[in-house]
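Undergrad: quick one, structure for this:
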Amino acid sequence: MDPAASKPYAARVEPSAKRFRVMFGGAAIADTVDARLLFETGRQPVIYFPPADVAMDSLAPSAQVARCPHKGEAAHWTLRRGGRVAENAAWTYRAPGDPGAAGIAGLVGFRWNAMDGWMEEDSPLLGHARDPHKRIDTLPSTRAVAVAAKGKLLAESRASVLLFETGLPVRPYLPRSDIAMALLRASETRTVCPYKGVATYFDAVLDRATIKDVAWCYETPFPEVGLIKGMLAFYPERVDSLKLAPR
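TA: The predicted structure follows:
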C-alpha cells in the first residue's frame, strides 16, 4: 500500500512570483507571473493559470467531466493550435469542495505530458512542477564510499559529492576515476528530474550477469547542482553493498 494513501488528505494553494509558460503548437498557450501552485497530500505540485494569461481562443469545451472527492467537478478543454490537437488536456475546477483548494477555482491546469514543453522563467521545466519547499545541497566529501555487487568492487572513493535532497536518502556521486568503468556499459535509459536535469544510465556486466540501470549520471546538470556533473551514483537496492562511512 502506498504510504501516502494512508495519510489524511490536505491541500493548500500558494501564489508564485515566477514566470511560467506552457508551450503547445509552436507557441506559449499560457504565460503568467500570477500562477497558483496546488499542493496535495502525496502528489507533486500542480501549476494553475489565470484565464486572462491563457490563450482561451485555442481551448474548446470538452464533453469530459471528471469528479474529485476533494476538489469537486472539473470541466475539461481540448487544445487546438498550430495544427496540433490535445483532447481533454486542460481543466478547470469551478468550485473546489476542500477549503484548502479553493484558491484554484476558475483557474486552468494543463496535462503535463500533453504539452510540448514547460518553462520556469527562461529555463526548461522537466518532469513536473518544482516544489519551492524542496531543498538540494551538494557537498564535496572525503568520507569513504564503497560499492560492491556479485563479489566485484564497482567503486571505492574518498572524493565523492554527497547530494542531500529533502525527503530522500543521501546520494553519493562518485568520480569515474574511482569507479571500475570497465564493468559498466552505457544503457539506453533516460529520465528527467526537475531539480537536476536529464539522467543517463549504466548497466553493470558481471560474470555474464547484467544488473540493469545500476547507476546514473547527469552529464549536463542544472547549474544549482553543477558539482555532480559527469559523476555516477548507484542504486543501493541494485547492488549487494553501498557503504558510506560515518566520518
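Undergrad: alpha carbons only for contacts and neighbour counts from here, please
TA: Fine.
Undergrad: would you map out the domains in this structure?
TA: 9-124, 136-244 (automatic domain parsing).
Undergrad: of all the ones you listed, which one is nearest R130?
TA: For the domains of the chain, the distance to R130 is smallest for domain 136-244, at 6.2 Å, taking Cα to Cα.
Undergrad: now G103: how far from L38?
TA: G103 is 8 Å from L38, where distance means Cα to Cα, to the nearest Å.
Undergrad: worst mean pLDDT across the helices and strands of this protein, which element?
TA: strand 59-68 (a mean of 92; mean pLDDT, DSSP states H and E).
Undergrad: buried stuff in that strand?
TA: Going by neighbour count (16 or more other Cα atoms under 10 Å), the buried part of strand 59-68 is 59, 62.
Undergrad: so what are the sheet partners of it and their directions?
TA: strand 72-81 (antiparallel) (DSSP bridges).
Undergrad: please identify the buried residues of the partner strand?
TA: Under the neighbour-count criterion of 16+ other Cα under 10 Å, strand 72-81 has 73-81 buried.
Undergrad: same check on stretch 27-41?
TA: So for stretch 27-41, counting by 16+ other Cα under 10 Å, buried means 28-40.
Undergrad: measure how far it is from the centre of its chain, please.
TA: Using Cα atoms, centre = their mean, to the nearest Å, the distance from the centre of stretch 27-41 to the centre of the chain it belongs to is 16 Å.
Undergrad: show me what contacts T210?
TA: Contact analysis of T210 by Cα atoms under 8 Å, 6 or more residues apart in numbering lists 203-204.
Undergrad: state the pLDDT value of P132.
TA: Predicted confidence (pLDDT) for P132: 95.
Undergrad: quick one: which helix or strand includes it?
TA: If you go by DSSP states H and E, P132 is not part of any helix or strand.
Undergrad: distance check, the residue of the chain positioned farthest from its centre against G151.
TA: Within the chain, the residue lying farthest from the chain centre (Cα atoms, centre = their mean) is D207, at 34.7 Å. Taking Cα to Cα as the measure, D207 falls 10 Å from G151.
Undergrad: likewise for L244?
TA: Relative to G151, and taking Cα to Cα, L244 is found at 18 Å.
Undergrad: which of these two has more neighbours?
TA: Between L244 and G151, counting by other Cα atoms under 10 Å, L244 is the more crowded of the two (17 against 10).
Undergrad: quick one: residues contacting P61.
TA: 75-78.
Undergrad: is it in a bridge, and if so with what?
TA: Judged by DSSP bridges, the bridge partners of P61 are W77.
Undergrad: what about it, distance to H76?
TA: 6 Å.
Undergrad: and T210, by the same measure?
TA: From T210 to H76 the distance is 46 Å (Cα to Cα).
Undergrad: returning to what we had before: looking at the buried residues of stretch 27-41, which are in strands?
TA: 28-32, 35-40 (DSSP state E).
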